[in-house]
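> Any chance you can model this:
(chains A and B, ligands or ions: 4)
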Amino acid sequence: MSRPVAKKAAAKGEYIETDSGNKVSRRSAITGTANITLGGRTVIMADVVLRGDLHSTRPTASSSGKEGTPTSISIGKCTVVSTGTVLKPPCRMSRGAPNFYPMKIGDNVFIGPNCVISAIAISSHVHIGANVTIHPFAVIKENVKILPNTVVPSAMVIAPGSVVGGRPARIVGEVGEGWGVSGGGAGGGLGVGGGGEEKWVEGGDLRELVRSIR
Amino acid sequence: MAQPFPYTYYACDCYDSNGTSSTKRASQLLREAEEDERTFDPRSPRANYSLYPLEHLLYCEDCQQVRCPRCIIEETLNWYCPSCLFEVPSSVVKSDGNRCTRSCFSCPLCTSPMQTFSLDTTGESAPPFILECQYCRWSTLEIGIEFEKGQGIAAQLARLGNGGKHIPTNKERDKERERRKEIEGRKARDVLSPSTESTNTDADRDDEPPSHDDLFSNLTAFYKSQVDAQTPSNPFSSHDINFSSPSAYSRIMNLYSTTGSKKNKRSKPSAMREAASSLEGLTLHDPANEAAAIERIKKEGWGVTLSPAQKHAQINPNVRFVDQLRPLATLLCTKRSKRCRSCRQILTKPESKMTSTRYKIKLLALNHIPRLSIRALNATPPIPVASRPADSFDYNALKPGMPSHFLLHLSNPLFDPIKVTLATPSTTPGRVQSRVTILCPQFDVGANTDIWDDALSSSLSPMRRGSQLPDQAPQIEAGKIWDRGRNWTSVAVEIVPGFTDAVGSDGQNELEEDEDVLEIPIFVRIEYETDAGADERGLGDSRGSKGEQEKREEAFWTVVGVGRIKG
Ligand SMILES: [Zn+2]
Ligand SMILES: [Zn+2]
Ligand SMILES: [Zn+2]
Ligand SMILES: [Zn+2]
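Ligands and ions are numbered 1, 2, ... in the order given. Sure thing, here's the model as predicted:
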């Protein structure tokens, strides 16, 4: 249909690729770049907002700038942050002033489009659907699936292997034992595996997905 | 439906077999399917219990069958709190119940986790503390509870009733019960000579009707006394047995002799009776209570009552109003191993350590049966790139009567090449009848050989058609596959979505929920030859020695959810 349009966008170079293979969209909005670490082969899509400027203002930074820049967002390997998603480190008032805490995201995490994420930690092999809101200080453990349109309340801990959904989020099930196992390579992704290029499944290794994004 | 289109579900055989030990072979199953012209109906009420996503299915290598959650048995390895992730020993689960005792609470209104906050406004966290839900802002202040310490909330809450009242401990309850029993006994004696002094002081304490917890503790005490009375000297009660003591010895001997001891003369055990008073745990109906509740609803409206879900979540079943709510201690979860129900073979066994998410044993169906998936032919690969919305095919708006092409993609996890036969009813079951034609129902799929072979060949592969070369018109030919790779093959499917408004013809005009969902039952049969001993040595070895070849087949129903018809 409008395939040529997509081709044109790709020709312009939608993504800037770093030495470690991170792909960052030119149309993403990243502030405080120095406070953000990407683990390699991680994708930041268009219209993603990374608030690296919201870093901890605790003594480390104020006493001397030489102690190194504080990290506000660290993202692991082969993680995909889809379009329109906002990552904002969680904040807590302390002594009348807001203090931000660093956000940590693991490897092979898929974050769907138009999410607002303020979790303190998201472990590896987590799949987050579209339009999900994660309130401050939530902890998402390994192999968790968050259904689309879920609101995860603040400080909620989601145990490994859970499927959560709803507003507020509740545990609605467990991911199967086969979660993240692609079984002989080619697989579904979002239930689909067309021309053989989608060799990834939810919760699995996202390397192939990352490779296919151009 | 939560699952986004398109999706594939796999049906486990156990849906129509009475015994779970069915060992129907594939050919048999196929024959049955053909003879009965029985197609799997995804809309039948039973289908709900047999359709699973592939990652939820296990595989028993002994039975050579797929195993679904219905045909496995589970064994609890350990208990843990999903909120603080601490393991709870089973002895504690037995004594304290299936809830976390580590101050993990969820909101009684909305189920969100509750956090401890200090009410102190000077900045430092000083008492008093409260539990508050950050989602709906309900807090223990609404039930009049504040805590003195920020730690050990569970223990403090156990002692604090709503409104800050003291909740007696079990010991205190026992004492109180004894005291009341004594008073009652005295009252009975004092009928002849009533002493006004003593009854007055007692009346003060008797104002409050006993709480649910009081009654429960009374009832357990009563039952315990009943059981004890029944077996006055139970020789097997663990606490007082001592085989070296002569008394214990004589007690055991008494058990065997029918006559002799006084106690055993009562050969007919007196029937156990039920609780007869509130001191024995009987719940007395108080009409005044009901009247008060009705009055309250009249005055304050439904707003002060609870939703059924909120009511059911409470431990006390008699809770009715918002001011009776209690924060809910988090329910524990379990780690479980799973066995085949027919042969008891262990299918999965997670590492028992709480911190580990690994498995010691994991026999997955997706390593034994092919993965089937569908997508629209003209859709781009499903990379979730919302920046290219124009490209994405709208699976939620299939046009009725418009023939459209889809690709059915089959990938093979086995180390042997497989022959695949697909079958599907020409029209989908149900009232909205869509026509389905698989253009190439018989084809081969390559073996799941070394991943590196594919890595090398994929860059050179000239076989990509259609999706990669948009200029070249896709060729859809009956009897020919669409595309293939190392261990996958895709074939074209022509689908003519049915008319949703045609439903009206049989009298009922209303389209029921999800009746406009286009789901296609597809029967998959695979045949392959494999090294007969491969299973015992593990799948990885199968290519090493070419020993005896064994013919195997596998057959199962799948249901492919294509999309929603919008006419
Ligand atoms: Zn089953
Ligand atoms: Zn807990
Ligand atoms: Zn709440
Ligand atoms: Zn078995």
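> Just give me the neighbour total for residue B:514.
12 (other CB atoms under 10 Å in any protein chain shown). No exception for glycine: its C-beta is placed from N, CA and C like everyone else's.
> for it, helix, strand, or coil?
Counting by DSSP: H, G, I helix; E, B strand; the rest coil, the backbone at residue B:514 sits in coil.
> What distance do you get for it to residue B:425?
Separation of residue B:514 from residue B:425 (CB to CB, to the nearest Å): 19 Å.
> quick one: low-confidence ranges for chain B?
B:1-3, B:15-38, B:123, B:191-208, B:231-270, B:379-392, B:450-475, B:502-509, B:533-547 (pLDDT under 70).
> Show me the contact partners of stretch A:154-173.
Residues from elsewhere that reach stretch A:154-173 (CB atoms under 8 Å, 6 or more residues apart in numbering or on different chains): A:90, A:118, A:123, A:135-147, A:149-153, A:174-175, A:179, B:2, B:80, B:82-85, B:110-113, B:115, B:134-136, B:333, B:357.
> What's the PyMOL line that selects buried ones from these?
Buried residues within the contacts of stretch A:154-173, by 16 or more other CB atoms under 10 Å in any protein chain shown, are selected in PyMOL with:
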select buried, (chain A and resi 90+118+123+135+136+137+138+139+140+141+142+143+144+145+146+147+149+150+151+152+153+174+175+179) or (chain B and resi 80+82+83+85+110+111+112+113+115+134+135+333+357)
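> restrict the contacts of stretch A:154-173 to contacts with ligand 3.
The subset of the contacts of stretch A:154-173 within reach of ligand 3, by CB under 5 Å from the ion, is B:110, B:112, B:135-136.
> from the residues you listed, which is closest to ligand 4?
residue B:112 (41.8 Å; CB to the ion).
> which bits of chain B sit near ligand 3?
Selection of chain B residues close to ligand 3 by CB under 5 Å from the ion yields B:107, B:109-110, B:112, B:133, B:135-136, B:138.
> Turn the residues you listed into CSV, including distance to ligand 2 and secondary structure.
Formatted as CSV, the residues of chain B next to ligand 3 follow (distance: CB to the ion, whole Å; DSSP: H, G, I helix; E, B strand; the rest coil):
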residue, distance to ligand 2, secondary structure
B:107, 15, coil
B:109, 20, coil
B:110, 18, coil
B:112, 15, coil
B:133, 16, strand
B:135, 18, coil
B:136, 21, coil
B:138, 19, coil
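> For ligand 1, what's the nearest residue on the stretch 251-400 of chain B?
Distances between the stretch 251-400 of chain B and ligand 1 by CB to the ion are smallest at residue B:341, namely 8.2 Å.
> so residue A:122 sits right up against residue A:109, yeah?
Yes - contact status for residue A:122 versus residue A:109: in contact at 5.7 Å, counting by CB atoms under 8 Å.
> Could you list which residues are in contact with the spatially closest residue to residue B:150 that is not a sequence neighbour?
With CB to CB, 6 or more residues apart in numbering or on different chains as the criterion, residue B:150 has its nearest non-adjacent residue at 4.8 Å, and that residue is residue B:129. By CB under 8 Å, 6+ apart, residue B:129 lies in contact with B:116-119, B:146-150, B:153.
> Hmm, the residue of the stretch 251-400 of chain B closest to ligand 1 is touching residue B:68, no?
No - between residue B:341 and residue B:68 there is no contact under CB under 8 Å: 10.0 Å.
> More neighbours: which of those two?
residue B:68 (22 against 19).
> Chain A versus the more buried one, what's the distance?
Between residue B:68 and chain A the computed distance is 10 Å (CB to the nearest CB, to the nearest Å).
> what sits against the residue nearest to that residue when sequence neighbours are not counted?
Leaving aside its chain neighbours, residue B:68 sits nearest to residue B:12 (3.5 Å; criterion: CB to CB, 6+ apart). Neighbouring residues of residue B:12 by CB under 8 Å, 6+ apart: B:50, B:52, B:57, B:66-68, B:70-71, B:556.
> Repeat the analysis, applying 10 Å as the threshold.
Going by CB atoms under 10 Å, 6 or more residues apart in numbering or on different chains, residue B:12 touches B:20, B:49-52, B:56-58, B:65-72, B:365, B:556-557.
> Distance check, it against chain A.
Counting by CB to the nearest CB, the gap from residue B:12 to chain A is 13 Å.
> What residue in chain A comes nearest to ligand 4?
Distance from ligand 4 to each residue of chain A (CB to the ion) is smallest for residue A:177, at 15.7 Å.
> quick revisit: common neighbours of residue A:122 and residue A:109, please.
Common contact partners of residue A:122 and residue A:109 (CB under 10 Å, 6+ apart): A:75-76, A:79, A:128, A:140, A:142, A:144.
> For burial, what's the neighbour tally of the closest residue to ligand 3 within chain A?
Across chain A, the shortest distance to ligand 3 (CB to the ion) belongs to residue A:168, at 7.1 Å. For residue A:168, the count of nearby residues is 23 (other CB under 10 Å).
> Backbone dihedrals for it, please?
Note on residue A:168: backbone dihedrals following degrees, to the nearest 10 are phi -70, psi 160.
> Let me know the distance separating it from ligand 1.
Residue A:168 is 33 Å from ligand 1, where distance means CB to the ion, to the nearest Å.
> okay, that residue: pLDDT?
Listed pLDDT for residue A:168 reads 95.
> pretty sure residue B:376 is in contact with residue B:397, am I right?
No - look at residue B:376 against residue B:397 with CB atoms under 10 Å: they stay out of range, at 11.4 Å.
> Secondary structure element holding residue B:213?
In the assignment (DSSP states H and E), residue B:213 maps to helix B:212-230.
> Residues touching that helix, excluding its own?
Residues from elsewhere that reach helix B:212-230 (CB under 10 Å, 6+ apart): B:161, B:167-170, B:172-174, B:176-178, B:180, B:208-211, B:234, B:237, B:269-284, B:315-319.
> Now with 8 Å, please.
B:167-168, B:170, B:173-174, B:177, B:210, B:234, B:269-270, B:272-273, B:275, B:278-283, B:316-318.
> circling back: for residue B:376 and residue B:397, work out which one has more neighbours and name it.
Neighbour tally, residue B:376 and residue B:397, criterion other CB under 10 Å: the higher count belongs to residue B:376, 23 against 11.
> quick one, what contacts that one?
Contacts for residue B:376 (CB under 8 Å, 6+ apart) come out as B:393, B:395, B:404-407.
> Ok, residue B:357 next?
Neighbour list for residue B:357: A:142-143, A:160-161, B:350 [criterion: CB under 8 Å, 6+ apart].
> Name the helix or strand for it, please.
Judged by DSSP H and E, residue B:357 forms part of no helix or strand.
> From residue A:94, how far out is it?
Counting by CB to CB, the separation of residue B:357 from residue A:94 is 33 Å.
> Do a quick rundown of the helices in the chain.
Just going to use chain A. Under the criterion DSSP state H, chain A contains helices at A:3-12, A:59-63, A:207-212.
> Correction: the question concerned chain B.
Secondary structure of chain B by DSSP H: the helices cover B:26-35, B:90-96, B:153-159, B:170-190, B:196-205, B:212-230, B:246-256, B:287-300, B:308-313, B:451-458, B:534-537.
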